[in-house]
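Trainee: pasting the sequence and the predicted coordinates here, then a few questions.
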Amino acid sequence: MNRVDKRRVGAAFSRSAAAYDARAAVQREVQDRVLALVAEAAPDARRVLDVGAGTGALLARLAAARPGLRPAAVDLAPGMAAAARARLPGAAVAAGDAEALPFGDARFDLFLSTSAFQWLPRLEPAFAEARRVLAPGGLLAVALFGARTLHELRGAWRDAAGPGPGERTHRFFDRGEVAAALAATGLRVRAVVEEERRERHPDARAVLRALKEIGAGPAVPGARGLGGRGATLELLRLYEARHGGPAGVPATWHVVYALAQR
């Protein structure tokens, strides 16, 4: 089980809502791939729910391609939900939890989520909710950041912080965990695939700044910052010593995509 302070996550993403779309380049690339997947797997779906919808960008793009779309959105962060509400007039938008969706049974043809489920303590409750709100035959298409996400940063942090940092760092799910959680909820798994995307930044400090700008900060209950100035400076040194070069430093995003049917 992943230890996650949901109130902290919601507050961080609310603060980043205004700048999120301009900063979240990898997250938009993930949306591109999910839109391609559902164009092929669910071309006629019109009743669509996006969970962890952020500013509503994914639904807006889908609505532009599908006349008659009936979109609904949920996001844990009230600031993100407000942005989605402004962007999607007429959509059903709520600030809420993926583990307790505010919608009735069998209401949607398509369940979407991108770049959000890595913030959950466990996947099974959210997938069970997806199954509940999907109509028979409905499709789930989810993309979340997986186990090798930001391995450069997390490796440097573990060594900079010394013994015991594992309890204070976020844990990402791997492909096998995603597949097992889907199967456990009774959804029929059609595909679970993974890929790595890599950003480059001028230096390690720029990586930390970029994460903060999109709201992706520490989510473990009780953890504050990176352990003080000394640990932060050592983290930056290790990151650049291990991964730096003429083109700056990499930041890896490991993405797990899942398609499943009710």
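Mentor: Perfect, I can see it now.
Trainee: so which bits of stretch 44-58 are buried?
Mentor: 45-58 (16 or more other Cβ atoms under 10 Å). Where C-beta positions appear, they are placed from N, C-alpha and C, glycine not excepted.
Trainee: can you give me the end-to-end span of that stretch?
Mentor: One end of stretch 44-58 sits 17 Å from the other (Cα to Cα, to the nearest Å).
Trainee: what's the average pLDDT for it?
Mentor: Averaging pLDDT along stretch 44-58 yields 97.
Trainee: try stretch 248-261
Mentor: On average, stretch 248-261 scores 97.
Trainee: ok, stretch 83-94 next?
Mentor: The pLDDT scores in stretch 83-94 average 96.
Trainee: next one: stretch 214-233
Mentor: pLDDT averaged over stretch 214-233 gives 73.
Trainee: and the contacts of the helix or strand that contains Leu59?
Mentor: For Leu59, the element it lies in under DSSP states H and E is helix 57-65. The contact list for helix 57-65, computed with Cβ atoms under 8 Å, 6 or more residues apart in numbering, reads 21, 28, 31, 34-35, 38-39, 48, 50, 53, 69, 71, 73, 84, 87-88, 91, 112, 114.
Trainee: which residues touch Leu235?
Mentor: Leu235 touches 153, 156-157, 160-161, 204, 226, counting by Cβ under 8 Å, 6+ apart.
Trainee: just curious, which of these is nearest to Ala251?
Mentor: Closest approach between the contacts of Leu235 and Ala251, by Cβ to Cβ: Leu153, at 6.9 Å.
Trainee: would you map the strands across this structure?
Mentor: Using DSSP state E, the strands of the chain run over residues 47-51, 70-75, 92-95, 108-114, 134-145, 188-201, 249-261.
Trainee: could you dump the ones you listed into a markdown table with distance to Met1 added?
Mentor: Below are the strands of the chain laid out as a markdown table (distance: least, Cβ to Cβ, whole Å):
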| stretch | distance to Met1 |
| --- | --- |
| strand 47-51 | 20 |
| strand 70-75 | 22 |
| strand 92-95 | 24 |
| strand 108-114 | 19 |
| strand 134-145 | 16 |
| strand 188-201 | 20 |
| strand 249-261 | 18 |
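Trainee: quick one: closest of these to Pro125.
Mentor: strand 47-51 (12.1 Å).
Trainee: would you mind pulling up the elements that the closest one packs against?
Mentor: helix 57-65, strand 70-75, strand 108-114, helix 124-133 (3 or more Cβ pairs under 8 Å, 6 or more residues apart in numbering; DSSP states H and E).
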